[in-house]
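**Q** this one's sequence-less:
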């Protein structure tokens, strides 16, 4: 494909530029437009404190069609009270004027430092300038993807093309997020465009399911932010036939969307703040799926496991310790643990294994930790990454 | 006082030496003896996977009197199956022979790497050697305190003297622990001696209460280990009158014990792995005390808060984010946050404050973060420490 950005599906224009919110001078305003109007679905953070943008989006999602999304990076506009809410609404209003829509037909997202008022004049000037640059070129799509970044080191984009009833449909997405990522809507900001023709309830269902099995399975530091937002816009331009029920056409679309989100989650894990390695934690033999998920996350979030992975150290005792202290049902006498296919702990006792082989597994860019709890038949998984001195440096120096 | 170690109370002898469990050659066997026999109380980890020593201690605590405690560092003897259990019992048996007691009258504790079999011959040879060196000198007490250390950079000891009904009673303690510390029995290993005369149920109650309000309020990396053990031995030699009920004499004893444990918790926080600063999180206005404790811990455990403290950065948005995502009841429109006495967020909106003053507060060796949830009248607190590159280095390189 020539275009692997969010402007790849038919009907979308994008722009991204610097308006001065970030002191670094990097790009910090992104605008996405769908001139013919799009069906929109979204999922948000479950944090009880949410950004002004999340408040506004929840309201605007009742519009039948959405014509644009405006995003700023460098300032989260969260914990900013009524003034912050006014700023977020102003962003939508200015974008609406520029793209000839109503303010309620524009969605908004913010990311960056929490608790500082948004420099709203800079943002709105930036939006006007971005509107003049809107284009369906790959360059414009990339500019959007870059302008939503904070501590990300690279733009994260993915695209999928599928055939549905003889019609070629494209789905494209971009995500930002490198820290403050925990399961339960752990996407920070995710924007997906598609030219599929699909009703709003199904679009939202497909998005929730896709995010649930991808970005929500990723933990960098165990917390969800105040701003997490995933938005999907469907222009419908590639297809004459509306997907309205859970038919095979829907499943094909939902499958491709899930794949796209997994691809983006994978890119996020490898670009997590300071991370040099990622790992998958699979928990089997759990009493329930939610207990399996809880145990997997306990391992992936445990600083001592994350440090051991960083050191390429098969210190599996820390894995067992994390599982034992997270409160799930387990059988201590039958518990087992594998690093990839290598047993390190089997039925409650240390396994004999080649230490060099174990170190080699843990030193890979990606490996899988499997823990069997011997307490039932449920399983689940989670992705994590190593904890490095670089993570500390990034986060000790982010504010000042 | 001339002696500020666990041999300060009447009736206790101690020793500590190197037996070769640690490859570094540092001391790794500690022995405590009470020739007249002591009343013993203990609390253990709530991790579902516990060390062999914890299993053995739980059994041996049914003895009416305890005559000794043997401890090894450098090997946790956890996740070691039946062989590990045999090793722990052997440690007690050898110590018992040396100090002329029954194996069931000796308690045992281990700390160090999880999942490797204890070199039991080295340990038992060390115990025999330590028995020959038992002494009530301050040097012997210090040797004990040093021999239980792992990544601790200094021995942590405290002593209190009180008058109860005209009799002078001494309580002394030593604790080890620098990582793998989370509330809920977050002590790793704690040993307390006293010459007070007190019945077993009250002794255990006083210990539980003291640990609950001190060491259990400290979080370094949010996890409790497989080995956490707190043991108190009371020789009764300083007092003719047994404390048997919750009388003023009991409250005086329990108060001094609580103070001693707080002192030790404080020393632990400042010696946490790689830590350069500590902070106290106070949560007020919670619906229940357990919700207050949950929110305080969420803040103290949040890597981004810990990094910000390390950077001396008053990035209070991360505090609000942690509180919002931990699931407790709160009122977003009335939430407030202070750094010491400085409001940074007041009733749902950013407060105007002097940034330099805020940075100065966060840059202190100790400061207090207060969050008011405006959801009730309950309060609780927690201690945390900063997250540093040094923590990562220590824990990426510990095993190999």
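**A** Okay, I see it. A quick note: this is a predicted structure, and the numbers were derived from the prediction, not measured.
**Q** My read is that residue A:12 contacts residue A:36, right?
**A** No - Residue A:12 is not in contact with residue A:36 according to CB atoms under 8 Å; the separation is 9.7 Å. For every residue, glycine as well, the C-beta is placed using N, CA and C.
**Q** Nearest residue to residue A:75 in space, please, no chain neighbours.
**A** Spatially, and ignoring its direct neighbours in sequence, residue A:75 is nearest to residue A:112 (4.4 Å; CB to CB, 6 or more residues apart in numbering or on different chains).
**Q** got a pLDDT number for the one you found?
**A** Model confidence at residue A:112, given as pLDDT, is 88.
**Q** quick one on the thing from earlier: tell me which of residue A:12 and residue A:36 has more neighbours.
**A** residue A:12 (29 against 12; other CB atoms under 10 Å in any protein chain shown).
**Q** who touches that one in this structure?
**A** Taking CB atoms under 8 Å, 6 or more residues apart in numbering or on different chains as the criterion, residue A:12 is in contact with A:6, A:32-34, A:136, A:193, A:233, A:235.
**Q** Repeat the analysis, applying 10 Å as the threshold.
**A** Applying CB atoms under 10 Å, 6 or more residues apart in numbering or on different chains to residue A:12 gives the contacts A:5-6, A:32-36, A:38, A:69, A:134, A:136, A:140-141, A:144, A:170, A:172, A:193-195, A:233, A:235, A:237.
**Q** Narrow those residues to those in helices?
**A** Assigned to helices by DSSP state H, the following of the contacts of residue A:12 qualify: A:140-141, A:144.
**Q** buried residues in stretch A:119-131?
**A** Of the residues in stretch A:119-131, A:119-120, A:122-124, A:126-127, A:129-131 count as buried by neighbour count, 16 or more other CB atoms under 10 Å in any protein chain shown.
**Q** circling back to that earlier point, pretty sure the residue nearest to residue A:75 is in a helix, no?
**A** No - Residue A:112: not assigned to a helix; according to DSSP: H, G, I helix; E, B strand; the rest coil it is strand.
**Q** quick one: it and residue A:119 touch, right?
**A** No - with contact defined as CB atoms under 10 Å, residue A:112 does not count as touching residue A:119 (11.2 Å).
**Q** what sits in contact with each of those two?
**A** Any residue near both residue A:112 and residue A:119 by CB under 10 Å, 6+ apart counts here, and that gives A:21, A:72, A:74-75.
**Q** Sitting in strands, which of those residues do you find?
**A** Secondary structure assignment by DSSP state E places A:72, A:74-75 of the shared contacts of residue A:112 and residue A:119 in strands.
**Q** Make a markdown table from those and add pLDDT, neighbour count and distance to residue B:49 to it.
**A** Written out in a markdown table, the entries for these read as follows (pLDDT from 0 to 100; neighbours: other CB atoms under 10 Å in any protein chain shown; distance: CB to CB, whole Å):
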| residue | pLDDT | neighbour count | distance to residue B:49 |
| --- | --- | --- | --- |
| A:72 | 97 | 31 | 47 |
| A:74 | 92 | 27 | 45 |
| A:75 | 93 | 27 | 45 |
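**Q** Of these, which is the nearest to chain B?
**A** Lowest distance from chain B to these (CB to the nearest CB) belongs to residue A:75, with 10.5 Å.
**Q** could you pull out the strands for the stretch 201-350 of chain A?
**A** Defined through DSSP state E, counting those that start in this stretch, the strands belonging to the stretch 201-350 of chain A, from first to last, are A:218-219, A:229-234, A:278-286, A:336-339, A:342-346, A:349-350.
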